[in-house]
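A.B. asks: need a 3D model of the following:
(chains A, B, C and D)
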Protein chains: 2
Amino acid sequence: MKQQNETQHIVRSRIYDNLGLISQSIASPIRLRILQSLANSPCTVESLSVKSGESVANTSQHLQKMLRAGLLKCERQGVSRVYSLANQKVLEVWLALQNLASELNPQIQLDEETLCPEELCTPLSMLEVLKLVKAGKATLVDARELEDSQGSPIHGALHIPPTDLKKPSTTLAKNKTVFVFCRGRYCTLANPLVEKLRDKGFKAFRLREMAYEIQKQAEEIQWN
Amino acid sequence: MKQQNETQHIVRSRIYDNLGLISQSIASPIRLRILQSLANSPCTVESLSVKSGESVANTSQHLQKMLRAGLLKCERQGVSRVYSLANQKVLEVWLALQNLASELNPQIQLDEETLCPEELCTPLSMLEVLKLVKAGKATLVDARELEDSQGSPIHGALHIPPTDLKKPSTTLAKNKTVFVFCRGRYCTLANPLVEKLRDKGFKAFRLREMAYEIQKQAEEIQWN
DNA sequence: GTTTTATTCAAGTACTTTATTGAATAATTG
DNA sequence: CAATTATTCAATAAAGTACTTGAATAAAAC
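C.D. replies: Numbers count the residues shown, from 1 in each chain, chains lettered A, B, ... in the order given. A predicted model of the protein is given here:
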């Protein structure tokens, strides 16, 4: 009995040490940026280095830290190595952290409002939006870069990349409300598109959610 | 337009810095232990120091780190200060982290099995268990210490603290299955109780979930 | 109003993490 | 097979974090 308690104590310590390691491996602004990039599409070291604004060597080191903790996987593709999330649970932690932050910190609330103004956002819940889309009463638009749109495609969404802003190559049904999403609450790609569409007389709104959240919600609808 | 992009860049940097700060503030085995303790009931510095096995001064410093990040709140109660979670979103991050860890790391999977053996656990989902309990076909038992049971009481659960193991002061209906919960997947308080009940001829199982998860699920049932 | 109790603070040392540099590697291309 | 490309490695300096110690604080009890 005493021995058993000792074993439990050791095992528990090992668990908490491992949990510490995993949480350490996401605990840095740069690594969170990387995670956010990888949330949308797998990337090479160089492209992550550009996106995060860090040197290649530094980016590589951050990637390896997360790789060692098991958060990422890495595969060769020609000359490059392509990193991606090991697992969708990584995204769940990242989302939980975003939710926590915006609840805890008034500064973050203000900053989120700057990037993703209330006025542009729909008052509807994502569930309601998706139901409208499914019923053919609304159009869902993906405003992300081509790379991300291909990395995590959303079924039923029309892709209008930032490059198409000036010369919109697609025609949207005028009588349907348009809901635009991008890489989530800290991304502003959807904003100019919503504004442009409103100028043209559309009813247009942006969603705060990132593609993964939309995908997840859409899957849930399937089963009900 | 250029200026707007610059503003967005600054704002985004500030958000990521803040997110980094928050994630830093949970990234340590000791602080995760503290979080786990606080998930069940508010605690004084001294009791957390005992639970985590660290000196009072060190515990206090860890607490202040989380307090500064906004994760905790603190109020005086007589001579002592009582710390508690600022917000349930903190728990959501902690749970997401646990889920991630047990998916990523085979070592953690093994260790979890040691603390919370499959053989003791119910194959039913928590939703199914709660429905049985609600229908009066099963008994829900809280195996936590008195302090935790009072800190986060679960409506409809019968409390059998560890001290009651030898002289069970309560009588359970023999014809109902018994489901026991404690502080969650790294806690072993429920195990001896389940074994004891099985010896006595009960159908008894433990739940892996912590009180907060049970509470949350129970609330969801209310609305359906 | 002195003592007790619970907690924090300040200072110090040991350790870890970060970003930078330039060299090393290893698959691919010419 | 030499050159190119994408990435990692190794070494370093600077910054930040962790734990300990003993003193300081501040509310409560005597």
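
A.B. asks: list the contacts for residue A:197?
C.D. replies: For residue A:197, the contact set (C-beta atoms under 8 Å, 6 or more residues apart in numbering or on different chains) comprises A:172, A:178, A:180, A:204. From N, CA and C alone the C-beta is placed, and that goes for glycine too.

A.B. asks: how many other residues sit next to the last one?
C.D. replies: A count of nearby residues for residue A:204, using other C-beta atoms under 10 Å in any protein chain shown, gives 23.

A.B. asks: got the residues of chain A near DNA strand D?
C.D. replies: By C-beta under 7 Å from any atom of the strand, the residues of chain A that approach DNA strand D are A:44-46, A:56-57, A:60-61, A:63-64, A:74, A:79-82.

A.B. asks: which ones among those lie within helices?
C.D. replies: Here DSSP state H is the test, and the residues of chain A next to DNA strand D give A:45-46, A:56-57, A:60-61, A:63-64 as lying in helices.

A.B. asks: quick one, strands of chain A?
C.D. replies: Under the criterion DSSP state E, strands of chain A are mapped to A:43-44, A:72-77, A:80-85, A:138-142, A:157-159, A:177-182, A:204-210.

A.B. asks: same for the longest one, what does it pack against?
C.D. replies: The helices and strands touching strand A:204-210, judged by 3 or more C-beta pairs under 8 Å, 6 or more residues apart in numbering or on different chains; DSSP states H and E, are helix A:126-134, strand A:177-182, helix A:190-199.

A.B. asks: mind putting these in TSV, distance to residue A:149 and mean pLDDT included?
C.D. replies: Output for the helices and strands packed on strand A:204-210, formatted as TSV (distance: least, C-beta to C-beta, whole Å; pLDDT from 0 to 100):
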stretch	distance to residue A:149	mean pLDDT
helix A:126-134	17	95
strand A:177-182	10	96
helix A:190-199	13	94
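
A.B. asks: so which of these is the most surrounded?
C.D. replies: Comparing the helices and strands packed on strand A:204-210 by mean neighbour count (mean count of other C-beta atoms under 10 Å in any protein chain shown), strand A:177-182 comes out on top with a mean of 24.

A.B. asks: residue contacts, residue A:208?
C.D. replies: Residue A:208 makes contact with A:116, A:121, A:184-185 under the criterion C-beta under 8 Å, 6+ apart.

A.B. asks: change it to 10 Å
C.D. replies: By C-beta atoms under 10 Å, 6 or more residues apart in numbering or on different chains, residue A:208 lies in contact with A:102, A:112, A:115-116, A:118, A:120-122, A:126, A:181-182, A:184-187, A:190.

A.B. asks: circling back to that earlier point, dump the helices and strands packed on strand A:204-210 to a markdown table, plus distance to residue B:161.
C.D. replies: Shown next, in a markdown table, are the helices and strands packed on strand A:204-210 (distance: least, C-beta to C-beta, whole Å):
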| stretch | distance to residue B:161 |
| --- | --- |
| helix A:126-134 | 42 |
| strand A:177-182 | 49 |
| helix A:190-199 | 53 |
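
A.B. asks: so which of the ones you listed gets nearest DNA strand C?
C.D. replies: For those, the distance to DNA strand C is smallest for strand A:177-182, at 26.0 Å, taking C-beta to the nearest atom of the strand.

A.B. asks: the closest one pairs with which strands?
C.D. replies: Strand A:177-182 has the following sheet partners, assigned by DSSP bridges: strand A:138-142 (parallel), strand A:204-210 (parallel).

A.B. asks: so how far is stretch A:84-100 off the chain centroid?
C.D. replies: Relative to its parent chain, stretch A:84-100 has a centroid offset of 9 Å by C-alpha atoms, centre = their mean, to the nearest Å.

A.B. asks: so, in contact with chain B or not, it?
C.D. replies: Yes. Interface with chain B: stretch A:84-100 contributes A:86-100 (C-beta under 10 Å from any C-beta of the partner chain).

A.B. asks: and chain A, which residues reach DNA strand C?
C.D. replies: Within chain A, the positions near DNA strand C by C-beta under 7 Å from any atom of the strand are A:24, A:27-28, A:30, A:54-55, A:57-58, A:61-62, A:65, A:76, A:78-79.

A.B. asks: ok so, going back, nearest to residue B:147, of the contacts of residue A:197?
C.D. replies: Distance to residue B:147, by C-beta to C-beta, is smallest for residue A:180 among the contacts of residue A:197, at 49.9 Å.

A.B. asks: got the contact list for residue A:124?
C.D. replies: Applying C-beta under 10 Å, 6+ apart, we find residue A:124 in contact with A:130-132, A:138, A:177, A:179, A:205, A:207.

A.B. asks: brain fart, residue A:207
C.D. replies: Residues near residue A:207 by C-beta under 10 Å, 6+ apart: A:116, A:120-122, A:124, A:126, A:129-130, A:140-141, A:143, A:179-182, A:184-185, A:190, A:194, A:213-214.

A.B. asks: one more: residue A:96?
C.D. replies: Residue A:96 is in contact with B:89-97, B:99-100, counting by C-beta under 10 Å, 6+ apart.

A.B. asks: now residue A:85
C.D. replies: Applying C-beta under 10 Å, 6+ apart, we find residue A:85 in contact with A:35, A:38-39, A:42, A:66, A:71-73, A:91, A:94, A:212.

A.B. asks: among the residues you listed, name the buried ones.
C.D. replies: Buried residues within those, defined by neighbour count using 16 or more other C-beta atoms under 10 Å in any protein chain shown: A:35, A:38-39, A:42, A:66, A:71-72, A:91, A:94, A:212.

A.B. asks: okay if I get those residues as a markdown table plus pLDDT?
C.D. replies: Listed next are these as a markdown table, based on pLDDT from 0 to 100:
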| residue | pLDDT |
| --- | --- |
| A:35 | 98 |
| A:38 | 97 |
| A:39 | 97 |
| A:42 | 96 |
| A:66 | 98 |
| A:71 | 97 |
| A:72 | 97 |
| A:91 | 97 |
| A:94 | 98 |
| A:212 | 97 |
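
A.B. asks: from the residues you listed, which two are the most distant?
C.D. replies: Farthest-apart pair in the buried ones among the contacts of residue A:85 is A:66 and A:212; separation 17.5 Å (C-beta to C-beta).
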